[in-house]
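Peer 1: Pasting a predicted model and its sequence here:
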Amino acid sequence: MNRYIIVAIMTALALSSCHKEKKGDGYGSEARPVEVEEAFTDSVVLYNTYPAYLLAEYYAEVVGLVNGRLMTMNYSSGQYVQKGQTLFTIDPTLYQDAYNRAEATLKSNESNLTYSRQHYEAVLKALEDNAVSRMEVLQAESAYQQAEASVNDSKAALHTASVNLGYCNVTAPISGYITKNELSVGNYITGADSPVKLAEIYDNTHLYAEFEVEDSRYEKMTAGNALEEKTLYKNVPLKFQEELKNVYTADLTYVAPSVERSTGTITLQGKITNKDNELKAGMYVTISLPYGENPKAILVKDASIATDQLGKYMYVVNDSNIIVKRRIDVGEIYQDSLRVINKGIEPGDKYISKALLTVRAGEKVKPLLPSQMKAFMEEEMAAESKTPKHKR
């Protein structure tokens, strides 16, 4: 009985061994299949990417310019306001009194001016008949001139009083989106001494992406042609930290008139049309400027590149189907998923494109291109489905 059991066990082991050996032919542990891609060449426009921040085309502070208590706030934070719209009112009592006094003074001085002019004209006429002395004429003329000066002073005082009274009604200097109020109703401000900021308005219809470029790079971009009321580049691609609903580009329209000597850079601005008011001033963005073309750039999938303490590397399969760890020098990203290789990879080199953590240098593998790997997996699944359950 025991002899029959031992024979059965040995037979099962032999069959299992045969099954594994068959499956391992060319695909065993010493040469397991791995998916690879081939490095290829293509004509690539070369870009440099620069960090930038968005600036509103128009920005203004809403300020209080007189002393007084804030009486009302006539907007909701974040709303769009029109130029000239009343935003705040400041207690006008003192300034209304000053205006009334200036107006009364002007009327009094105008009345005095009328009398002085008539008196001066009468004295001149009397002088013709020698009815008055020349001294009286000079006195009348002086009084007339003083009355004119008083009227002019009164007009200036009334104008100042009118302006100050107008400042009690704080209006929007530009159209745009307004921030929340810096001070709430009931606070006393001293704007007559120094303007007090009450809110800010941003017109985001157009924005500018502002960034710095090395002066040597700028010289290559312009090729010696200065930017004179024209666009240096059109439709420069922009990339935001998060994907937005709309795609944005910028037209490079402004270059600073001088180079910052401490950094050797020059400030540039790209103008952007803000679609659906999606963009806000202060947002971070990267802007990519073309600087040349490589007609035979070597390209690989960026996801196939790994990094360690010594730098970047790729796993390449050599002619003997052995994995080699190859050090590389990389360039810029191309079409979002490809990477330009400056050194370390040649066209046609096969590199590991998936499951980088499961391979090791020196391992013998069976390199399969994506189409080959797909066919292999389908074949494996078909074979698995045909194998009886008790033999799996």
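Peer 2: Nice, thanks for sending it over.

Peer 1: Helix or strand next in line after whichever strand or helix holds Q145, which one?
Peer 2: Element membership for Q145 (DSSP states H and E) is helix 134-167. Past helix 134-167, further along toward the C-terminus, the next helix or strand under DSSP H and E is strand 169-171.

Peer 1: Direction included, what does that next one pair against?
Peer 2: Its sheet considered, strand 169-171 pairs with strand 86-90 (antiparallel) by DSSP bridges.

Peer 1: wait, what's in contact with A147?
Peer 2: By CB atoms under 8 Å, 6 or more residues apart in numbering, the contact set of A147 is N109, N112, L113, Y115, S116, R117. Yep, even glycine has a C-beta here, placed from its N, CA and C like the rest.

Peer 1: Mind doing that once more with 7 Å?
Peer 2: A147 is in contact with N109, N112, L113, S116, counting by CB atoms under 7 Å, 6 or more residues apart in numbering.

Peer 1: Just name the closest of those residues to S353, please.
Peer 2: N109 (92.2 Å; CB to CB).

Peer 1: who touches stretch 206-221?
Peer 2: With CB under 7 Å, 6+ apart as the criterion, stretch 206-221 contacts 48, 50-57, 232, 238, 250, 259, 263-274, 279, 281, 285, 287, 289, 291.

Peer 1: Which of those are buried, as a ChimeraX select command?
Peer 2: Filtering those down to the buried ones (16 or more other CB atoms under 10 Å) takes a single ChimeraX command:
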select :48,50,52,54,55,56,57,232,238,250,265,266,268,269,270,272,274,279,281,285,287,289
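
Peer 1: related to what we said a few turns ago, what's the angle from the helix holding Q145 to strand 86-90?
Peer 2: 120 degrees (axes from the mean of the first three to the mean of the last three CA atoms, to 10 degrees).

Peer 1: In helix 134-167, which residues are buried?
Peer 2: 140, 143-144, 147, 150-151, 154, 157-158, 161, 164-165, 167.

Peer 1: Tell me, how many residues neighbour the nearest residue to L165 once chain neighbours are set aside?
Peer 2: Ranked by CB to CB, 6 or more residues apart in numbering and with sequence neighbours excluded, the top spatial neighbour of L165 is Y95, at 4.3 Å. Using other CB atoms under 10 Å, Y95 has 23 other residues around it.

Peer 1: List the contacts of I287.
Peer 2: By CB under 7 Å, 6+ apart, the neighbours of I287 are Y50, A52, A209, F211, V236, L238, A250, G270.

Peer 1: repeat that for 8 Å
Peer 2: Per CB under 8 Å, 6+ apart, neighbours of I287: T49, Y50, A52, A209, F211, V236, P237, L238, K239, A250, G270.

Peer 1: Take those residues and lay them out in TSV including secondary structure and distance to P347.
Peer 2: TSV is the format used below for these (DSSP: H, G, I helix; E, B strand; the rest coil; distance: CB to CB, whole Å):
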residue	secondary structure	distance to P347
T49	strand	25
Y50	strand	30
A52	strand	35
A209	strand	36
F211	strand	35
V236	strand	30
P237	strand	27
L238	strand	32
K239	strand	29
A250	strand	35
G270	strand	35
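
Peer 1: Any chance of CSV for these, columns pLDDT?
Peer 2: Compiled in CSV, the contacts of I287 are given as follows (pLDDT from 0 to 100):
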residue, pLDDT
T49, 84
Y50, 90
A52, 94
A209, 93
F211, 92
V236, 85
P237, 84
L238, 89
K239, 88
A250, 90
G270, 89
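
Peer 1: Nearest to Y351 among those residues?
Peer 2: T49 (24.7 Å).

Peer 1: how about the helices of the stretch 1-150 of the chain, start to end?
Peer 2: 2-24, 93-128, 134-167 (DSSP state H, counting those that start in this stretch).

Peer 1: To R339, which of these lies closest?
Peer 2: Nearest of the helices of the stretch 1-150 of the chain to R339, taken as CB to CB: helix 2-24 at 35.5 Å.
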